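Q: What follows is a predicted protein model with its sequence.
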Amino acid sequence: DVKVTQSSRYLVKRTGEKVFLECVQDMDHENMFWYRQDPGLGLRLIYFSYDVKMKEKGDIPEGYSVSREKKERFSLILESASTNQTSMYLCASSLGGQGNTGELFFGEGSRLTVL
Amino acid sequence: AQTVTQSQPEMSVQEAETVTLSCTYDTSESDYYLFWYKQPPSRQMILVIRQEAYKQQNATENRFSVNFQKAAKSFSLKISDSQLGDAAMYFCAYRRGGTASKLTFGTGTRLQVTL
C-alpha cells in the first residue's frame, strides 16, 4: 500500500515564524502535491512537483514555497506565517507519465494554527 | 480554468437507504478523468470511484456508483444501502487527460448517516 506520511499532525506557531511541513511517500511516485483545506472552500492546490527539484505553482501559491531535493520528500515552507494561513494542509502523491490515472494518495493532514 | 461545483454542503441519509451526491464541472476538454474522494472524520482522504470521460459506461464499486452525464457535465455519486461508516466529507474532483497530474476539487458534501 502507498503510504504518504506528514511529519506533524498538529502545529501551533506564532505570526512571523518560519514553518516547515514535511511529507514523505514510499511508492516512488513522480508527482507530489500540497493542498490546503478550508471549510466551504474545499481543497485548493498550493504547489506541486512532477520531478526532483521541479515545482509548479498551483492556485494559491502566495505566501508559500516548496522544496523537493529527493524524490520521496516534498516540503512546504511558510517563510513568515500569518493568521490567515491557519488551515489543514494535505500532502498527496501520484504516479506520473502518459496514461496515468491521476489517482492521488493522501497523507493524514497537518493542522496548522497561527496565533 | 476548470471548475468543480458541489451544490450540497450537507446531506443526510438513513442507514440502509440510498443517497445521491451531486457534482457538476466545467471544461472545454474532451479527455479527462473524474473522481469521488471520501474523507472520514480525522482520517485521511481515500479514493471512492473514478470515471474516464471516454467511457460511456458508468463506473461502479460495490455499493458506490456514478451517473456520468458528459453532455450535461454532471457526475453524481450514488451510495446504496448506506452504512454508518459512510459518514464523511465527499469531494468530487476533475483531472485533465494526458500527462496532466493536478486535480481540481469541489467544495465538498458532508454526509451524515442516521439510524
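A: That came through fine. Numbers count the residues shown, from 1 in each chain, chains lettered A, B, ... in the order given.

Q: what's across from the spatially most central residue of chain B in the sheet?
A: Nearest residue to the geometric centre of chain B (C-alpha atoms, centre = their mean): residue B:36, 3.1 Å. Beta-bridge partners recorded for residue B:36 (DSSP bridges): residue B:49, residue B:92.

Q: Next one: the residue lying closest to residue B:115 once chain neighbours are set aside from residue B:81, what distance?
A: Leaving aside its sequence neighbours, residue B:115 sits nearest to residue B:15 (C-beta to C-beta, 6 or more residues apart in numbering or on different chains; 5.6 Å). Just so you know, the C-beta spots here come from the backbone N, C-alpha and C atoms, and that holds for glycine as well. Between residue B:15 and residue B:81 the distance, using C-beta to C-beta, to the nearest Å, works out to 9 Å.

Q: what does chain A put close to chain B?
A: Counting by C-beta under 8 Å from any C-beta of the partner chain, chain A comes close to chain B at A:4, A:31, A:33, A:35, A:40-45, A:48, A:50, A:58, A:90, A:92, A:94, A:96-98, A:100-104, A:106-109.

Q: Type out the PyMOL command that picks the buried ones from those.
A: Typed into PyMOL, the line below selects the buried ones among the residues of chain A next to chain B, using 16 or more other C-beta atoms under 10 Å in any protein chain shown:
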select buried, chain A and resi 4+31+33+35+42+43+44+45+48+50+58+90+92+94+100+102+103+104+106+107+109
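
Q: Filter the residues of chain A next to chain B down to the ones in strands?
A: Those of the residues of chain A next to chain B mapping onto strands are A:4, A:31, A:33, A:35, A:42-45, A:48, A:90, A:92, A:94, A:106, per DSSP state E.

Q: Can you lay out the residues you listed as CSV showing pLDDT?
A: Shown next, in CSV, are those (pLDDT from 0 to 100):
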residue, pLDDT
A:4, 95
A:31, 92
A:33, 95
A:35, 97
A:42, 93
A:43, 95
A:44, 96
A:45, 95
A:48, 94
A:90, 97
A:92, 95
A:94, 91
A:106, 95
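
Q: Now do the same contact list for residue 9.
A: As the question left the chain open, I've gone with chain A. Counting by C-beta atoms under 8 Å, 6 or more residues apart in numbering or on different chains, residue A:9 touches A:108-111.

Q: Please refer instead to chain B.
A: Contact partners of residue B:9, counting by C-beta under 8 Å, 6+ apart, are A:40, B:107-110.

Q: Please apply the same query to residue A:59.
A: A:44-46.

Q: quick one, phi/psi of residue A:83?
A: phi -60, psi -30 (degrees, to the nearest 10).

Q: what's the distance between it and chain B?
A: In this view, residue A:83 and chain B are 22 Å apart by C-beta to the nearest C-beta, to the nearest Å.

Q: what's around that residue, how many residues?
A: Using other C-beta atoms under 10 Å in any protein chain shown, residue A:83 is surrounded by 10 other residues.

Q: cool, residue A:17 as well?
A: Neighbour count for residue A:17, taken as other C-beta under 10 Å: 15.

Q: Identify the residues contacting it.
A: So residue A:17 contacts A:80-81, A:114 (C-beta under 8 Å, 6+ apart).

Q: now what about stretch A:28-38, what contacts it?
A: Applying C-beta under 8 Å, 6+ apart, the external contacts of stretch A:28-38 come out as A:2, A:21, A:23, A:25, A:43-51, A:58, A:60, A:64, A:66, A:68, A:71-72, A:74, A:76, A:87-97, A:104-105, A:109, B:101-102, B:105.

Q: Nice, that's everything, thank you.
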